[in-house]
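In: here are the coordinates; sequence isn't available:
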């Protein structure tokens, strides 16, 4: 299998993991914030799944940055800025991803 196909398959797997995490989170979200605050370990699990999904999105962005040979970034912000600069990511989407990781 060629490197490009391996990379594409890796990205597909990561996207499937993100989708599974989103499904899991949405299926465990309560109807209101008060209930959510009292969920204990379930709440912690939801936070971790969301964090994990954001990290996976950033991993895909890093793969794209590397595959397009945009240089070696110093930070995740550099990856997002470079992808925005080269019109791989729309500016508003890039900013949303940047805000999610905070």
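Out: Looks like it came in fine. Keep in mind it's a predicted model, so treat the numbers as computed, not measured.
In: quick one, what contacts the residue nearest to the spatial centre of the chain?
Out: The residue lying closest to the centre of the chain (Cα atoms, centre = their mean) is residue 57, at 2.1 Å. Residues in contact with residue 57, defined by Cβ atoms under 8 Å, 6 or more residues apart in numbering, are 18, 97, 100. Where you see a C-beta, it was placed from the backbone N, CA and C, and this is true even at glycine.
In: Mind putting the residues you listed into TSV with secondary structure, neighbour count and distance to residue 71?
Out: Shown next, in TSV, are the contacts of residue 57 (DSSP: H, G, I helix; E, B strand; the rest coil; neighbours: other Cβ atoms under 10 Å; distance: Cβ to Cβ, whole Å):
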residue	secondary structure	neighbour count	distance to residue 71
18	helix	19	26
97	helix	19	19
100	helix	13	23
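In: of all those residues, which comes closest to residue 9?
Out: Closest approach between those and residue 9, by Cβ to Cβ: residue 18, at 15.0 Å.
In: No further questions, thank you.
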